[in-house]
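In: test case, fold it:
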Amino acid sequence: MKRQTEVWSVEESQEETFHDMPNDAGGMANRRTHLMAKGTSERPPAKSMVLPTNVSIWEPPMQAESKTPTTSELLQKARAATRIAPETERALIELLTRPIDQSAGHNAGYAVREQEIAQMFASLELQTALAVAKRLDLAKYDDPLATAFNRMVASRRNRLRAFLGDARRRACV
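Out: Alright, predicted model coming up:
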């Protein structure tokens, strides 16, 4: 009998403190009822927040001005001016299609041609170099410049293409 009394008293003590416990199994309904009876609320009153109309919520950070254009700027200019000057295109096609000097030998003749093409690529303006690179990447079947360039051996073509793609870095130096 004594044991039942102890259990009963434990249940009574739990029942008395049931509403005082914030995260009890009784659920939010009991907690809400208890808070309403006390006359308090959990949340502070909401503050109205008014933003001025002339200020944006987010402004990008200020960037230091650079005399070297970014890749995005260069690509945008290259898209606008994807046409290569006709005399530049003609000179490149002529350089790519002219016969090599056989007196020096086959490998030496093509090495000289590769050097001349690299010099021509180095002399191009940055936007023109990007336009040439784009045309060589597209390699359309009816493009005489891409066709002449693709006739070269793959190793030379890859070296020259890498040199042409490095035009932005060379312009910074």
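In: residues touching Lys140, list them.
Out: The contact partners of Lys140, by C-beta atoms under 8 Å, 6 or more residues apart in numbering, come to Ala146. The C-beta positions use only the backbone N, C-alpha and C, and glycine is treated the same way.
In: give me the pLDDT for it.
Out: The model reports Lys140 with a pLDDT of 86.
In: for Phe121, which non-adjacent residue is closest in space?
Out: Nearest residue to Phe121 in three dimensions, chain neighbours excluded: Leu164, at 5.0 Å (C-beta to C-beta, 6 or more residues apart in numbering).
In: check contacts around that neighbour.
Out: Leu164 neighbours (C-beta under 8 Å, 6+ apart): 121, 129, 132-133, 136.
In: so which strand or helix has it?
Out: Assigned by DSSP states H and E, Leu164 falls within helix 154-165.
In: for Ala131, see how far away the residue nearest to Phe121 is.
Out: To Ala131, Leu164 is 11 Å away according to C-beta to C-beta, to the nearest Å.
In: care to break this protein down by domain?
Out: 2-38, 71-172 (automatic domain parsing).
In: redo these as a markdown table? Include distance to Glu65.
Out: Shown next, in a markdown table, are the domains of the chain (distance: least, C-beta to C-beta, whole Å):
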| stretch | distance to Glu65 |
| --- | --- |
| domain 2-38 | 56 |
| domain 71-172 | 12 |
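In: out of these, which one sits most buried?
Out: Neighbour counts (mean count of other C-beta atoms under 10 Å) averaged over each of these peak at domain 71-172, with a mean of 14.
In: check which helices and strands whatever helix or strand Leu130 lives in sits against.
Out: Per DSSP H and E: Leu130 is located in helix 126-138. Judged by 3 or more C-beta pairs under 8 Å, 6 or more residues apart in numbering; DSSP states H and E, helix 126-138 is in contact with helix 71-80, helix 144-150, helix 154-165, helix 167-172.
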